[in-house]
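S.K.: what follows is a protein structure lacking sequence information:
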């Protein structure tokens, strides 16, 4: 359906996947996963977040994980920051790619950062003003389609927020996120297509979705059909939002890679190398895993071993 | 993406879902599931198969199940038949809608019915010649995209078989089946679109897929985009082909219904009524279940109950 033959996967497991896991994952274990994912071909990852050590103690090792990730040649290590204070911490730790997150939904944004969305827009402006030259920015727009507290989000609200955000930094990469997994392919396609037409100055668009209702790959496909080739995914389907009840199940990296590669769309990722990493990720104590390809390939391997 | 606002679900759980379950399901239990699915709004089902009682003893109660299904007002009860002999048994038992299955793949067809695909085409011709007026026919084309033994199936092979089949009964409903779950949306769309152009005389097309690799809904969406609005699905994702190792996981009815209804496409099925039935189906001893919506809605209900 498309002439573009390359998709770019952003592996968000080390941040989005590890964050909701209750017991702390040892820093060395996190770094080992980042290095193994890199070895499987992943070259862009959200490796950690700079957030409150008190609110999110499991990410207090952000600086160490970031340094290890940035030591890998050609690695684009992105870190999540919720406000200017933590952006400054991230930059001081050597971060060269920040991901700022805000929510379209008032209630979800308040739960996340105790601000209104427009207050977060202003904070985004302050972060952009403070950036050293060459720092890359990913803008994550949570609840761009649906809110765990308020249900469906009208695209008018999403575009109202984007109107304010796009002007602040036209070359930022913008990623509308389906936080709950309840969006359907028609809405993903429509919003991403309209967004590209409405903001031609924006250089890059991405899509982040969940598989909670089985729509993970259907929505990734809709994003691709709308011309968006940068896709967030989490190995083993790890993840979810700790402030969005039931929003378990990021779309799994192995499922996304398998689908694209089967369509002849290169991801640069070796799915066979990814499977054992995903198995180990799913086996982490407290992990909420998802996806289908891991089990399908594991079952196929077991059958082959018995022939 | 479409102006059509109605999808037709063919519930295949009572046949495709129950068949691979090892322990026999009591006939009364099967009938109770059929009746509950009907009460949830499903009006077309593959309720059983007329096959060898020796090879498939778990479907030896086909006549009883069919009679119970046909007693439900407005129910379109379809039964699977592999050859003329069993088609005659089905018709003698009062069947008014037969589903004939053959495979594009030589090896898969031989495993299923000990015939070459062209021998099955000839058998299909004999069945059609023997049909009483008004009997409806569904033609299931297994391994239309991919074979568990031989891998990807070239669409040229699928069309070569269709060339022979379409002429035999132009008004049959034809359903290319993804037997392994390994087809991708691009190929589903291309094959269904080309088929409709190539055989304009064919009245109806359907799609049957599996969720083994997480592509269940993505492929249903591709079929819908190609203009195909009749979709096979199995409650609780029950099913798989006993002759296709690893082909577990029919796309689940609750996932398909949830997706269509969320897009404003009516299915006539009440997804909330379907969930407890799907839970009970998944709890059948020996069941291989799949799908995501059942667990997502169950989790949401449990959270609501705790608030």
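M.R.: It's in. What you see is a predicted model, and the numbers here were worked out from it, not measured in a lab.

S.K.: show me what the helix-or-strand element of chain A with minimal mean pLDDT is packed against.
M.R.: Least confident element among the helices and strands of chain A, by mean pLDDT, DSSP states H and E: helix A:293-305 (a mean of 78). Of the remaining helices and strands, those touching helix A:293-305 by 3 or more Cβ pairs under 8 Å, 6 or more residues apart in numbering or on different chains; DSSP states H and E are helix A:253-262, helix A:271-282. (Glycine included, C-beta is placed from N, CA and C.)

S.K.: please state the offset of the last one from the chain centre?
M.R.: Which is helix A:271-282. 18 Å (Cα atoms, centre = their mean, to the nearest Å).

S.K.: relative to helix A:253-262, how tilted is that helix?
M.R.: Regarding helix A:271-282 and helix A:253-262, their directions subtend 170 degrees when assessed with axes from the mean of the first three to the mean of the last three Cα atoms, to 10 degrees.

S.K.: is any part of helix A:271-282 close to chain B?
M.R.: No. Contact between helix A:271-282 and chain B is absent, the nearest approach being 10.7 Å (criterion: Cβ under 8 Å from any Cβ of the partner chain).

S.K.: what do you get for the shortest one?
M.R.: Yes. If you take Cβ under 8 Å from any Cβ as the test, helix A:253-262 does meet chain B, through A:255, A:258, A:259, A:262.

S.K.: closest to residue A:186 out of those residues?
M.R.: Of all the residues of helix A:253-262 next to chain B, the one with the least separation from residue A:186 (Cβ to Cβ) is residue A:259, at 18.9 Å.

S.K.: residues in contact with that closest one?
M.R.: A:217, A:220, A:221, B:184, B:213, B:214, B:215, B:218 (Cβ atoms under 8 Å, 6 or more residues apart in numbering or on different chains).

S.K.: go through the residues you listed and name the one nearest residue A:176.
M.R.: Top of the list for closeness to residue A:176, among these and by Cβ to Cβ, is residue A:220 at 12.9 Å.

S.K.: what about residue A:22, distance to chain B?
M.R.: Here residue A:22 is placed at a distance of 17 Å from chain B (Cβ to the nearest Cβ, to the nearest Å).

S.K.: chain B contacts on chain A?
M.R.: Along chain A, the residues adjacent to chain B under the rule Cβ under 8 Å from any Cβ are A:1, A:181-182, A:184-186, A:189, A:211-218, A:220-222, A:245-246, A:249, A:252, A:255, A:258-259, A:262-263, A:291-293, A:296, A:299-300, A:303.

S.K.: just the buried residues of those residues.
M.R.: A:181-182, A:184-186, A:189, A:211-218, A:220-222, A:245-246, A:249, A:252, A:255, A:258-259, A:262-263, A:291-293, A:296 (16 or more other Cβ atoms under 10 Å in any protein chain shown).

S.K.: now go through the residues you listed and say which are in helices.
M.R.: Mapping these onto helices (DSSP state H) picks out A:185-186, A:189, A:216-218, A:220-222, A:255, A:258-259, A:262, A:293, A:296.

S.K.: neighbours of residue A:64, how many?
M.R.: Other residues lying near residue A:64 total 15 when counted by other Cβ atoms under 10 Å in any protein chain shown.

S.K.: now the helix or strand hosting it: buried residues?
M.R.: Remark: residue A:64 resides in helix A:62-70, with elements defined by DSSP states H and E. For helix A:62-70, a neighbour-count test (16+ other Cβ under 10 Å) marks A:62, A:63, A:65, A:66, A:68, A:69, A:70 as buried.

S.K.: farthest-separated two in these?
M.R.: Across these, the longest distance by Cβ to Cβ is 12.1 Å; it joins A:62 and A:70.

S.K.: related to what we said a few turns ago, Serialize the helices and strands packed on helix A:293-305 to CSV and add fields for mean pLDDT.
M.R.: As requested, those are exported to CSV (pLDDT from 0 to 100):
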stretch, mean pLDDT
helix A:253-262, 98
helix A:271-282, 97
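
S.K.: need the winner for burial among those.
M.R.: With neighbours taken as mean count of other Cβ atoms under 10 Å in any protein chain shown, those reach their highest mean count in helix A:253-262, at a mean of 27.

S.K.: run the angle between it and helix A:293-305 for me.
M.R.: In terms of direction (the same axes, to 10 degrees), helix A:253-262 departs from helix A:293-305 by 70 degrees.

S.K.: mind checking how far helix A:253-262 is from the chain centre?
M.R.: Taking mean C-alpha positions (Cα atoms, centre = their mean), helix A:253-262 and its chain are 16 Å apart.

S.K.: could you do stretch A:127-143 as well?
M.R.: 15 Å.

S.K.: residue ranges with poor pLDDT in the stretch 51-200 of chain A?
M.R.: Across the stretch 51-200 of chain A, not a single residue meets the criterion (pLDDT under 70).

S.K.: might one say that residue A:63 is in contact with residue A:93?
M.R.: Yes. Taking contacts as Cβ atoms under 8 Å, residue A:63 lies within contact range of residue A:93: 4.3 Å.

S.K.: residues contacting residue A:110?
M.R.: Neighbour list for residue A:110: residue A:116 [criterion: Cβ under 8 Å, 6+ apart].

S.K.: what about it, distance to residue A:117?
M.R.: 9 Å (Cβ to Cβ, to the nearest Å).

S.K.: residue A:175 too?
M.R.: Summarising the geometry, the distance separating residue A:175 from residue A:117, computed by Cβ to Cβ, is 16 Å.

S.K.: and what of residue A:87?
M.R.: Relative to residue A:117, residue A:87 is positioned 18 Å away (criterion: Cβ to Cβ).

S.K.: please identify which of the two sits among more neighbours.
M.R.: Between residue A:87 and residue A:117, counted using other Cβ under 10 Å, the more crowded position is residue A:87 (26 against 23).

S.K.: so what's the more buried one up against?
M.R.: Listed by Cβ under 8 Å, 6+ apart, the contact partners of residue A:87 are A:50, A:81, A:98, A:100, A:127, A:130.

S.K.: helix or strand: which one has it?
M.R.: With elements delineated by DSSP H and E, residue A:87 resides in helix A:84-92, which encompasses its position.

S.K.: tell me the buried residues in that helix?
M.R.: Within helix A:84-92, the residues scored as buried using 16+ other Cβ under 10 Å are A:84, A:86, A:87, A:89, A:90, A:91.

S.K.: from those residues, pick the one nearest residue B:275.
M.R.: Relative to residue B:275, the closest of those is residue A:86; by Cβ to Cβ it sits at 41.1 Å.

S.K.: which residues sit in contact with the residue of the stretch 101-250 of chain A found nearest chain B?
M.R.: Closest approach between the stretch 101-250 of chain A and chain B, counting by Cβ to the nearest Cβ: residue A:214, at 3.6 Å. The neighbours of residue A:214, taking Cβ under 8 Å, 6+ apart as the test, are B:211, B:216, B:217, B:252, B:255, B:258, B:259, B:291, B:292, B:293.

S.K.: can you pick out the most distant pair from those residues?
M.R.: Based on Cβ to Cβ, the longest span within those runs between B:211 and B:258 and measures 13.4 Å.

S.K.: could I get the pLDDT score of the closest residue to residue A:230 other than its chain neighbours?
M.R.: Spatial nearest neighbour of residue A:230, excluding adjacent residues (Cβ to Cβ, 6 or more residues apart in numbering or on different chains): residue A:206 at 3.9 Å. Confidence at residue A:206, expressed as pLDDT, is 98.
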